[in-house]
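Chemist: I would like to see how this sequence folds:
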Amino acid sequence: MTTLPAPSAEALVTSQALCAHIRQTITQAGGWIPFSRYMELALYAPGMGYYSAGSHKLGSAGDFTTAPEMTALFGRTLARQIAELLPQTGGTVYEFGAGTGKLAIDILTELEKLDCLPEHYIIIDLSADLIERQQTAIRSALPHLAGRVSWLSQLPDQLDGVVIGNEVLDAMPCELLHWTPEPLQRGVALDGDNFVWQDRPIQDPALQRQAAALNIQQAGYISELSLSNTAFIHTLARHLVRGAILLVDYGYPASEFYHPQRHMGTLIGHYRHHTVDDPFFLPGLMDLTCHVDFTAIAQAGIDAGLDLIGYTTQAQFLINAGITQLLGELDADDSASYLPVVAMVQKLLSMQEMGELFKVIGFGRGVSIDWQGFAQGDRCHTL
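Modeler: Model (predicted):
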């Protein structure tokens, strides 16, 4: 059995304060909250949640590593796709959940090389701690471009440009359902001071409809359904007057997401580079995520009047957009710097690593439907 690293005393105090806050929330709600509410508090409770308490989340010292942290070629390749689209819009890049700011730095660096800098690069983030880190990193790496970057905590009234989000959808609170075989909403109750599962009949009509539409007859089947994901797409569409939406995340089409063999769902915790099955483990110190149902994402975009441009694997998108050409521009004779980059690119592209599990989906409004990233290997037919 793997022994997980112990948290610091300071971190443990934060987790205990969050647990007390969640217990109080459950009590005030009559003894039960839906899992989506628990996940929201665990991740975003002010000053205590995972994304708002100031812990180091990304990279080797954190809990997980994202593609931008692995190699600058990820962001530089995305920038090539952005450069194709940006001149067709009002010239702004909008990034959701920018992490450490590394993706913004790499995108801006490449766009400058391509002579296609945006008028504005707007980061929309809810974490004050991460915003502070982003500002420090961008000002240090790109002092001459820092004036183009600004931060918002909510959507502007209108979006006219290119919207990007890397691993944003998976961090949105999801509903947890348990089929018995009729679907019940799984929530969190208390047994003393401990959090425990408790199922209740679904009250939300929208959740009822979507759960019924899945037509799952398997008793004991547990899975997620994200109303937050689809609401996010509808909100983007409502604000997008012209431009493109490019989202990268891990997940499946509905036929794979709700496959009979995936009967325990996809909900997982990430703690110090370990995966944890128990979502009640050290609340506030562990990331909670669920995979993305890309069929639901695609349908939400279409229903909201967007053009579904393409859907493919991360590997195919990056190859289409030119990551191998960028790799070829590096100095192969400098093995000390070249070989680690090759290893990271291999991880981004490998079918056994991130290449197949991670997908890219694109939507447009008032822009060309021919995007370099989806030129080959489009999988929209699988949705």
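Chemist: quick one: the strands in the stretch 251-383 of the chain?
Modeler: Ranges of strands within the stretch 251-383 of the chain are 268-271, 274-276, 287-289, 292-293, 307-313, 358-365, based on DSSP state E, counting those that start in this stretch.
Chemist: okay, and for the chain, where does confidence drop off?
Modeler: 1-2, 54-64 (pLDDT under 70).
Chemist: picking up where we left off before, let me know which of the strands of the stretch 251-383 of the chain is tucked in deepest.
Modeler: Burial of these is given as mean neighbour count (mean count of other CB atoms under 10 Å); strand 292-293 ranks first at a mean of 28. Yep, even glycine has a C-beta here, placed from its N, CA and C like the rest.
Chemist: Show me what that one is packed against.
Modeler: strand 240-252 (3 or more CB pairs under 8 Å, 6 or more residues apart in numbering; DSSP states H and E).
Chemist: Neighbours of the nearest residue to Val292 once chain neighbours are set aside, how many?
Modeler: Nearest in space to Val292, with sequence neighbours left out and distances taken as CB to CB, 6 or more residues apart in numbering, is Gly251 at 3.1 Å. Using other CB atoms under 10 Å, Gly251 has 23 neighbouring residues.
Chemist: and Gly251, what is it in contact with?
Modeler: Listed by CB atoms under 8 Å, 6 or more residues apart in numbering, the contact partners of Gly251 are 169-170, 257, 266, 291-294, 359.
Chemist: so which of those residues would you say is closest to Leu190?
Modeler: Thr266 (25.8 Å; CB to CB).
Chemist: Quick one: neighbours of the residue nearest to the closest one when sequence neighbours are not counted, just the number.
Modeler: Closest residue in space to Thr266, ignoring its immediate chain neighbours: His291 at 3.9 Å, by CB to CB, 6+ apart. When neighbours are counted by other CB under 10 Å, His291 registers 24.
Chemist: measure His291 to Glu40 for me?
Modeler: From His291 across to Glu40, the span is 18 Å (CB to CB, to the nearest Å).
Chemist: Same question for Thr109.
Modeler: 35 Å.
Chemist: tell me the contacts of Leu190?
Modeler: Shown in contact with Leu190 (CB under 8 Å, 6+ apart): 23, 26-27, 31, 196.
Chemist: tell me which residues of the helix or strand harbouring it are tucked away?
Modeler: Per DSSP states H and E, Leu190 falls inside strand 183-191. Residues of strand 183-191 classed as buried by neighbour count (16 or more other CB atoms under 10 Å): 183-189.
Chemist: so how far is Val276 from Thr295?
Modeler: Per CB to CB, Thr295 is found 28 Å from Val276.
Chemist: Got the phi and psi for the spatially closest residue to Ser153 that is not a sequence neighbour?
Modeler: What sits nearest to Ser153 in space, not counting adjacent residues and going by CB to CB, 6+ apart, is Leu126, at 6.2 Å. Phi and psi for Leu126, reported as degrees, to the nearest 10, are phi -100, psi -10.
Chemist: okay, now Leu126: neighbour count?
Modeler: With other CB under 10 Å as criterion, Leu126 counts 16.
Chemist: I'd assumed Tyr44 was in contact with it.
Modeler: Yes. Taking CB atoms under 8 Å as the definition, Leu126 is a contact partner of Tyr44 at 6.5 Å.
Chemist: Name the residues contacting each of those two.
Modeler: In contact with both Leu126 and Tyr44: 51-52, using CB under 8 Å, 6+ apart.
Chemist: that older thread, can you tell me which of the contacts of Leu190 end up in strands?
Modeler: Among the contacts of Leu190, the residues falling in strands (DSSP state E) are Val196.
Chemist: picking that back up, identify the residues contacting the residue nearest to Thr266.
Modeler: Per CB under 8 Å, 6+ apart, neighbours of His291: 170, 224, 250-252, 257, 266.
Chemist: and which of those is nearest to Asp287?
Modeler: When the contacts of His291 are compared against Asp287 (criterion: CB to CB), the nearest one is Asp170, at 9.4 Å.
Chemist: Could you chop this protein up by domain?
Modeler: Per automatic domain parsing, the domain ranges recorded for the chain read 9-312, 313-358.
Chemist: Quick one: distance of the first one to the chain centre.
Modeler: Just to be clear, that refers to domain 9-312. Put simply, domain 9-312 sits 4 Å off its chain's centre (CA atoms, centre = their mean, to the nearest Å).
Chemist: just stretch 372-382 next, same as before
Modeler: 20 Å.
Chemist: which parts of that stretch are buried?
Modeler: Buried-residue list, stretch 372-382, by 16+ other CB under 10 Å: 373-374, 378-380.
Chemist: Kindly report the same for stretch 113-124.
Modeler: For stretch 113-124, the neighbour count (16+ other CB under 10 Å) marks 116-118, 121-124 as buried.
Chemist: Start and end of it, how far apart?
Modeler: End-to-end distance for stretch 113-124, by CA to CA, to the nearest Å: 25 Å.
Chemist: same thing with stretch 4-13?
Modeler: Its start and end residues considered, stretch 4-13 measures 18 Å (CA to CA).
Chemist: Repeat that for stretch 34-51.
Modeler: 20 Å.
Chemist: which parts of that stretch are buried?
Modeler: 34-45, 48-51.
Chemist: Strands - which of the residues you listed land there?
Modeler: Checking the buried residues of stretch 34-51 against DSSP E, those in strands are Pro34.
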